[in-house]
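Undergrad: I need the structure of the sequence given here:
(chains A and B)
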Amino acid sequence: MLRLTYISLAFLSLFTWSAQAKTPEAKQPQIVCPDRVMLIGDKIKFTALEKIFLCGDPDSAPWSHIPLAQAKFHMRNFLQDRGYHHPQFREEGDALIVETGAPTKLKKIEVISNPPFTEMHRRRQVIGRKLTPGLLNSVENWIRGQLRDRGHPCPELISRADPDTGVMEVYVDPGEAKNVESVIQEAVPGLGTGTLRRFDAFLLGHPFKEKWLDLTSRRVEESGVLQASYFSWDCPDTAPLSFPESAPSVESSESESSPAENSDMNLFQRTFAGKPRLFRLGFGADTEEYAIFRLSWKHLRWGSNASSFQVSMYASYIHQDLELSADWHAFAPLSRWFLRPAVSFTHRRDSEFHYLTTNAKFGVARTWDNQEVGLRMNVGPNLNYTYTFRGAEPGWTRFLTVNYEMELMSHAYEYWQTDPRTGYQVKLAGDFGNRNTLSDITAQRFALEGKYLYNFRDYDPPLLIFAVRGGLYGTWLADGSDRNKLPPNYRFFLGGSRNLRGFDLDELPQGFGALSAAFVSTEVRLANKLPLWLQPLVFFDIGVLGDQAFHFNLPVYFSPGFGLRVASPIGVFRTTFGFGLKSGDEDAVPDNTHFQFFIGYGEEF
Amino acid sequence: MRAIGKILKVLLITVFTLALILIAGVFAILKWPQLVVNDRVFRALAHLSGKFGVMIAWDKSDLRVQSESLLHKRFDFAFDRFCVNLSENRRQGCFDRIELHAELAWLQRRFQAIAMGPILATGGNVAVVLDPSDPRKKKLGLDVPDLVLPDWFRATRFGRVELELKTLALRQDDQLLFNGSARLRAEPNERARLDTARLEAVSLPGAGWPAGELQAEVKSESSFTENDWLLTGTGRLNPTRNASARFGISLHPAGTKVYGIRLQGDFRLGESSGSLNLNGLLGNGRLWGSFSGEGRGFAAHVHRVAANSCRYDLRETKASGRLRFSLDCPVLVDTTPLRIPSPTFEKLVTLPYNLDLRVRTDLETSFYPSWNQPVNGELEIDLNTVSENLLTVEGKTKTAFAGTPSRYPQGWKLETDLDVKILMSQFQKLVKALDRTAFAIFAPVNNLDGSVELKFTGKADIARQQGKLPLEFTTRLRSADQAFDTDGKGELQYKLSKEGARTRIALDLMLSDAKLVLPSFGYTAMPALFSDPRFQTPDPAAKKRGGNFDYELTVKTPPDKPAHLVSNFAKENIPLHLDLRAVPDRLSGTVAVGPSRLDFFRRDAQVQKFVFTLQEPRERSTVDGTVKIRYADYDIRIMVVGTFKRPRIIMESSPPLDQEQIISVLIYGRTFDELSTDNANSVGAVSSAVANRAITLGSLFLLAGTPIESVSYDPMTQTFTARVRIAEGTSLTVGTKEGTSPQAGLRKNLGRNWILNTYVEDDQKAKAVRGGAMIEYYKRY
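TA: Numbers count the residues shown, from 1 in each chain, chains lettered A, B, ... in the order given. As a prediction, this is how the structure comes out:
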């Protein structure tokens, strides 16, 4: 794999150039308006409209001449908008010389609230920033968001800041804490009432939490049932706040609402249905398979319960896939049970294996959510035919298995999935197959994976993120079963960016794979501290393999290392530099300890 | 009859006898006047006078009578310590010495004074308590008595006459009116005639009459046998420690019962000073003539007030029994020129400071001018045109007044007709003058030229320490693209108190024709034109600094002629109906955008209404607007209601369309079904932001005025971000993005239904999280 080496190098070069560009240099007067307005101090970029107010517009007679006093007036406000509150002005001839002075930095935030708002310490990257209206908005919005995640749907607040001291005061009226009593779903033609409740990441009768409403909307949109959806609610018209003469008395020390004490509220779910059928055609490249081609057709609102049916085709030079599947919501609209029939044909040709497989599956699936966690499960028979060309004994292998998949994911993990910072995820998957039930081999495949991320002190944005992930995999083969007939997708490998980062992708074990594997990866990432979206990390991975199910053999493999995550505007780049170690030479492969460099695009821990 | 005859006989004999006795007595007295002119007789008479309330006493007397003949006598009386006390000590006086020398004789069938004098009364100490003041009986003496000796003094030889009052105290109503001394001397000339008399008087402080001195002299060439005298006098007054006055006066007969009067004086009162030169005629109940004078230093901004050749006329009116005073007086007032903020331009900008006034008044008062007597009349002041480089000032006031001065302002009526005009005929002069100052006139108003006029016109009651003056404010300003015509009416309220003067202007301003050009807006957010009120420096003193000026300004446009804004956003001028009220720190009222066409979402849209209701605190300000956009098959109406900060945006159409269809058509000009997924998501984002009231008015108009590529909305941070296409293949992100929000990959719209999709996915089959980039075609149908 090239791992986008060239792209990454170019990207890193860009960072280097950007860093050099920001190197401090001697401050030269900045000419804002030629022969008219000059700026001394920090370099400031003005918009075209701002320049009209400062310099005038020669194409518009009424705005062709801006008196210096007017330029000064506007400049003062524009500088205030950028955090410069103490500019000095002087006139030299016909020119206005503006010394920006030092920007005022936010030094302290005092929140006046009853009950007390105790979360402010979590907000990072506001103290020390330039005291701008935007920063005040940011702090206000953050507090508002925090309160909305603590059961207060309609907080009101006002703020003020002292540009001399850099102290910001926020007066908060959290408003009444509410429980979500009901959700009124905007009607979509052909869609049953309550159909969208299966996407809920919250429970009725429990405290309002806006973040989970957003998560619910995302689930709806990502499922494709609707093109867009969001929640709205009514807030009472209240008199504008004004700062109290004295701090309000503190009656309670906890701002988290309690369901028993809260009154009820109703949500309204707006829907943007779009047409139910989606045709999609695409071509491009990805990190694993380079050039790819995709074609799909979906019917996303089939029936009143919004069942879906799709046909998709995927092709790259190592992987071709054709799948017909459905999410058949055959039960009551509010039921989270549904059926998942699927037929797929897959051809894969990798360096270690080459096979053709077809699956016919009929799963019974369910989702479940409470206020903190969501569960997805799918259980059903799966008839699989695999023709192995390489990686096992060539020829056909047939499996009729009971396939199960279960995923437990905290809402926090799901919400921050593309910017991992907190939460946990546990996945369990496997197949039960027996040669007495139409399988050629009696084999049970089992995979348990988990992740846990801890945001140090719950900072927002995070500072240090501790992450642990692990996996336990095994395939039981009945005694007497021909191991060579076991297709590659029943075998396990370690190595690569997903487990042991000191080894190449699926480098371990050498050969046709293991029947059991386990690993634990730990990582500490310094986030949102360095400029240019750079997030350095250190990690330590450990793993073992076994040639029988849950029977592990030496050596134990280690991968200490470090890396860098770059959360750029065009996506996440992640690179690691690890060293593969092992506890001994029991694997009889002398040259598999080495430095390993990975760079990936879009991949997360 | 006999009895009657007897009675008559007795009476006749009695009368005859008495007559003989009387004749004998008179003869005796004439023959031997010492019989009655002696100290004992005089003391007896003085004792007798005490019975009638006149107490007379002296220590020693020297009473002599010399008889030249039976009917020609010379008297030489002298008294030491001579005292007179009248009316129970209300008027009393003592003189150290009184001498009276006279010579009387029977000549030409009558007694004549052959000689008088010396007459001396020296060392006098006199105290007089005047009768209680009765205004009804008081009368200003507009008549001067003739100073002509009676006929029986015409041949008299006079000796020296001297009256010396070492102390003279006048009291009335328990108040000391005068406390001082006086001396009157008249020396006979070589012909023993009195042709000159001199008066010296000194007033001491502490009495009602101010402290000072007076020297006066009256001369008569005819020795007062004819009315040809001339009175001249000089004096000085020192009413207080820092006040003084000097004056000179002359009075002389100028005709029958008419006297010429001339008064010259100057005064100083603290920092102020002045002078007066009065000429006139007095007599027949009238004082008239002219005067000139000037004063300086009355007020900080008034250097000098000068009156020249003022004509006055004070006369008794028999019809009303009162005094009437008329005045016609040109007055020049030199004020301090108002300082122009920049010294550089002081030569260019000279505000008028020489006021050329004409004051006319006509009033009636009682015969004796008194603070306690009512007066009424008219005061007319004309301000002749004063034209300076910048301003022209002219006008007049006419005040009809009536009231009692001592009760001012109670019961006073001061109706004033004002007509004062301050005209700035060339606004550009002001613009240029102020251009380099802190008070520069901002664009785009500084492009205008024309006239600005402030008039104080109408009726005002200025009776009290507080009052109102009506005012008018008019502008007629024009430029090639703009106009600013206003007609304002209001009033200037003032209040004078010990704490200082307070002024309040209330003005109703009608924008009769206003058109202003807005700057050319691009695809950028509105800059911060005003200071964010959340930035506050604690300064308790600042709250107290209210100043002594207050205002209430209402600004309106005529219903049929709104103001107009010219903007590149609009296809035609935007009509504005204003109804605003501004008071310090508070702006309220409505700004209503009238029906107009503008480019809205790249369509020809019709603004049906847009009413901004301004309230304080500013968060309460609301908007109520409707914009109608016409499409081929339907009309879309966008209604914006609620507060500025969080307006509620309602979209509806006729025939009815779904919300997504409306937003889709508005933003992309296509139905929702025709949109790419990316664009469809943008529609959802807009709708979500609308629902969360996260789209401010500025954002809405930015959305409406720019070609939107995509829109994202982060409900957590309530951040609304739009990518706008500013040129082919070039995009610009507007809005702010604070904090981090989750992103499920990135999509870039490449064109109609084609997107560049960078994605991250968890491939369960391959047990890999993979990221990639694909060019995809989306079609939802």
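
Undergrad: okay, which residue is most central for the chain?
TA: This is for chain A. A:Thr418 (1.6 Å; Cα atoms, centre = their mean).

Undergrad: looking at chain B here, not the other one
TA: Centre-nearest of chain B using Cα atoms, centre = their mean is B:Tyr494, 7.4 Å out.

Undergrad: who are the contact partners of the nearest residue to it once chain neighbours are set aside?
TA: Residue nearest to B:Tyr494 in three dimensions, not counting chain neighbours: B:Thr503, with 5.3 Å by Cβ to Cβ, 6 or more residues apart in numbering or on different chains. (C-beta placed from N, C-alpha, C; glycine too.) When contacts are counted by Cβ atoms under 8 Å, 6 or more residues apart in numbering or on different chains, B:Thr503 touches B:492-495, B:548-550.

Undergrad: can you give me the buried ones in the helix or strand where B:Thr503 lies?
TA: Assigned by DSSP states H and E, B:Thr503 belongs to strand B:500-517. Using 16 or more other Cβ atoms under 10 Å in any protein chain shown as the test for burial, strand B:500-517 gives B:502, B:504-517.

Undergrad: pLDDT weak spots in the stretch 51-200 of chain A?
TA: Applying pLDDT under 70 to the stretch 51-200 of chain A flags no residue at all.

Undergrad: which residue ranges form the strands in it?
TA: A:88-92, A:95-99, A:108-113, A:156-162, A:167-173, A:178-185 (DSSP state E, counting those that start in this stretch).

Undergrad: present these as JSON lines; the columns should include distance to B:Thr335 and mean neighbour count.
TA: Converted to JSON lines, the strands of the stretch 51-200 of chain A look like this (distance: least, Cβ to Cβ, whole Å; neighbours: other Cβ atoms under 10 Å in any protein chain shown):
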{"stretch": "strand A:88-92", "distance to B:Thr335": "30", "mean neighbour count": "11"}
{"stretch": "strand A:95-99", "distance to B:Thr335": "34", "mean neighbour count": "19"}
{"stretch": "strand A:108-113", "distance to B:Thr335": "53", "mean neighbour count": "17"}
{"stretch": "strand A:156-162", "distance to B:Thr335": "44", "mean neighbour count": "20"}
{"stretch": "strand A:167-173", "distance to B:Thr335": "49", "mean neighbour count": "20"}
{"stretch": "strand A:178-185", "distance to B:Thr335": "69", "mean neighbour count": "18"}
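
Undergrad: can you add distance to chain B and give those back as a markdown table?
TA: Output for the strands of the stretch 51-200 of chain A, formatted as a markdown table (distance: least, Cβ to the nearest Cβ, whole Å):
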| stretch | distance to chain B |
| --- | --- |
| strand A:88-92 | 8 |
| strand A:95-99 | 10 |
| strand A:108-113 | 13 |
| strand A:156-162 | 5 |
| strand A:167-173 | 9 |
| strand A:178-185 | 13 |
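
Undergrad: quick check: closest non-adjacent residue to residue 223.
TA: Looking at chain A here, since you left the chain open. A:Phe199 (6.8 Å).

Undergrad: wrong one, chain B
TA: B:Arg193 (3.5 Å).

Undergrad: my guess is the residue nearest to the centre of chain A contacts A:Glu604, does it?
TA: Yes - assessed by Cβ atoms under 8 Å, A:Thr418 is found in contact with A:Glu604 at 7.3 Å.

Undergrad: which phi and psi values does the residue of chain A most remote from its centre adopt?
TA: Relative to the mean C-alpha coordinate of chain A, counting by Cα atoms, centre = their mean, the farthest residue is A:Gly93 (56.3 Å). Backbone torsions of A:Gly93, given as degrees, to the nearest 10, read phi 60, psi -130.

Undergrad: now do the SS call for the closest residue to chain A within the stretch 601-750 of chain B.
TA: Here the stretch 601-750 of chain B gets closest to chain A at one residue, B:Gly684, 2.1 Å apart by Cβ to the nearest Cβ. Using DSSP: H, G, I helix; E, B strand; the rest coil, the structure places B:Gly684 in helix.
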